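K.L.:
give me the fold of what follows.
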Amino acid sequence: MELFTKGTAIRLRSCHEKYLLAADDEKSIRQSSDGTSRQSIWTVEMVPRKPNLIRLKSCYGKYLTASESSYLMGITGERVIQTPPFRQAEHESNWEPIRDDLQVKLMSWNGKYLRGNGGAPPWKNSVTHDHEPHTSATKRWILWSVEVVKNPDKVSDGFSDGSIHGLPVNKLPTFGSSESIESDHGSLATVSASKLMFTTAMSGSMTPKPAERKKTVENVSAIEIFRDAKSVRLRSSAHEKYLIADVDEESVTMGRNGSSKEARWRVELVPGSEKAVRLKSCHGGYLTASNERLMLGAMGHKVVQSRRIQVGEPAGEWEPVREGSEVKLKSRNGGNYMRANGGVPPWRNTVTHDSPDRSATQSWVVWEVDVIEIMERSNGTD
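P.N.:
Alright, predicted model coming up:
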């Protein structure tokens, strides 16, 4: 209990090296490899008159709760959810920490344990409460490492940390003019050096019209758009759908909800390169041109999210190439282009890297770039 004192902010890490996360629907709970976001922080509250019990409050002000609802019909394990305070069944939000060597088990009100599940979907990354596992393969799934967060108020949403490669924004090298950029949410901002007009779309509040998109790249090279962008959305020119980082934190798909955080990609410049960028998802994985085929015997390899990108590894690097008023993203892993697939399932909404040879699919590798946040530049030289 010494780690669980009133007001302490903590993170809980499972044996899968993933953190207990309060999903942004403010109801569900899952595991995530991203331990940098505020959604992974839980505030400890003591239960009145029960010194051995605690409650854990999410960043949304809701409690970690062991419900009586089955996770999957006919299968052991109940859902763990977020619930608001002052409910009738408050006892369901009580947890008893039990030391197990250097880790803890969290026992729920009905004698079951908080469990971070592994395996294949739909189990993967799910969180349930269940009886102590009988098989050696799953015994560790109820063990949690506790990390104390010293300054929880300084933790961001895990997406925009105001830096590229660890450098503060105001210390980043300035490309082109040294004039500063002024931008407000939902407004137009002018980059004086290139007369480039960016349309910001913070929180999906403003989507540029086609004429505005054309203005975005008419006077500059494709790489300049990304150099001055802090985060972007990519929309398939052929299918009018956005590039989405799936919540499984591994796959990439297409979707129409451009206002979601999964549609936002943070831009990182590749050190030593004047042509390449990396794109990082809200889950902390890099957009990666893998060597794995989408389907056996079919053209095209998967585009995925990957945390295992090493310095200088070409799979996580993309070269923007102008295509009229839009761009193509050329992988440095084989020279193929990122492609949004249409047609019927299982092709529909998949993302691969390939070089189309048919005129009907040439537009599938063309993307519109919506700049969501503009990188601030310093005034003059320091």
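K.L.:
state the next helix or strand along the chain beyond the helix or strand where Gln31 lies.
P.N.:
Assigned by DSSP states H and E, Gln31 belongs to strand 29-32. Beyond strand 29-32 in the direction of the C-terminus, DSSP H and E gives the next helix or strand as strand 42-47.
K.L.:
that following strand pairs with which strands, parallel or anti?
P.N.:
Strand 42-47 has the following strand partners under DSSP bridges: strand 9-13 (antiparallel), strand 50-57 (antiparallel).
K.L.:
out of those, the one nearest Pro346 is which?
P.N.:
strand 9-13 (34.3 Å; CB to CB). Yep, even glycine has a C-beta here, placed from its N, CA and C like the rest.
K.L.:
can you list the residues that contact whatever helix or strand comes next after that closest one?
P.N.:
Using DSSP H and E, the helix or strand that follows strand 9-13 in sequence is strand 19-22. Applying CB atoms under 8 Å, 6 or more residues apart in numbering, the contact partners of strand 19-22 are 11-14, 29-35, 37, 39-40, 42, 58-60, 62, 64, 82, 114, 116, 127, 144.
K.L.:
out of the strands paired with strand 42-47, which is closest to Pro320?
P.N.:
From the strands paired with strand 42-47, taking CB to CB, the stretch that ends up closest is strand 9-13, at 35.9 Å.
K.L.:
chain center to that closest one: distance?
P.N.:
Distance of strand 9-13 from its chain centroid, counting by CA atoms, centre = their mean, to the nearest Å, is 19 Å.
K.L.:
what's near enough to touch the residue sitting furthest away from the middle of the chain?
P.N.:
The centre of the chain is farthest from one residue, Arg49, which by CA atoms, centre = their mean lies 39.9 Å away. Arg49 sits next to no residue when contact means CB under 8 Å, 6+ apart.
K.L.:
report the separation between it and Ser37.
P.N.:
34 Å (CB to CB, to the nearest Å).
K.L.:
surely Trp141 is in a helix?
P.N.:
Yes. The assignment for Trp141 is a helix, going by DSSP: H, G, I helix; E, B strand; the rest coil.
K.L.:
which residues are contacting the strand holding Gln31?
P.N.:
By CB under 8 Å, 6+ apart, the list of residues contacting strand 29-32 reads 14, 16, 18-23, 39-40, 64, 80-82, 116-117, 125-127, 247, 249, 283.
K.L.:
quick one: mean pLDDT over that strand.
P.N.:
With pLDDT averaged residue by residue, strand 29-32 scores 94.
K.L.:
can I get that strand in CSV? Just the C-alpha atoms.
P.N.:
Written as CSV, here are the backbone C-alpha positions of strand 29-32 (Å, rounded to 0.1, in the frame of the first residue of the first chain):
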residue,chain,number,x,y,z
ILE,A,29,-10.5,0.5,-20.6
ARG,A,30,-7.7,-1.0,-22.7
GLN,A,31,-3.9,-1.5,-22.7
SER,A,32,-1.6,0.7,-24.8
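K.L.:
may I see the buried residues of that strand?
P.N.:
Buried residues in strand 29-32, counted by 16 or more other CB atoms under 10 Å: 29-32.
K.L.:
the stretch 201-350 of the chain: strands as residue ranges?
P.N.:
For the stretch 201-350 of the chain, the strands defined by DSSP state E, counting those that start in this stretch occupy 229-236, 242-245, 252-255, 265-269, 277-280, 286-293, 301-306, 318-323, 326-331, 337-340.
K.L.:
remind me which residues of the stretch 1-150 of the chain are low pLDDT?
P.N.:
In the predicted model, the stretch 1-150 of the chain carries pLDDT under 70 at residues 1-3, 73-74, 88.
K.L.:
show me what contacts the spatially closest residue to Glu319 that is not a sequence neighbour?
P.N.:
Counting by CB to CB, 6 or more residues apart in numbering, Glu319 lies nearest to Lys330, which is 4.4 Å off, once chain neighbours are set aside. For Lys330, the contacting residues are 318-321, 336-337, by CB under 8 Å, 6+ apart.
K.L.:
pull the number of nearby residues for the closest residue to Ser281 other than its chain neighbours.
P.N.:
Closest residue to Ser281 apart from its sequence neighbours, by CB to CB, 6+ apart: Ala245 at 3.5 Å. Ala245: 26 surrounding residues under other CB atoms under 10 Å.
K.L.:
now do the contacts for Glu92.
P.N.:
65-68, 83, 108-109.
K.L.:
looking at those residues, which are in strands?
P.N.:
With DSSP state E as the criterion, strands contain 65-68, 83 from among those.
K.L.:
was I right about His91 contacting Trp109?
P.N.:
Yes. At 5.0 Å, His91 and Trp109 qualify as touching, with contact defined as CB atoms under 8 Å.
K.L.:
more neighbours: those two, which one.
P.N.:
Trp109 (18 against 15).
K.L.:
my guess is that one contacts Glu90, does it?
P.N.:
No. Contact criterion CB under 8 Å: Trp109 and Glu90 do not qualify, at 9.6 Å.
K.L.:
confirm Glu368 sits in a strand?
P.N.:
Yes. Assessed by three-state DSSP, Glu368 belongs to a strand.
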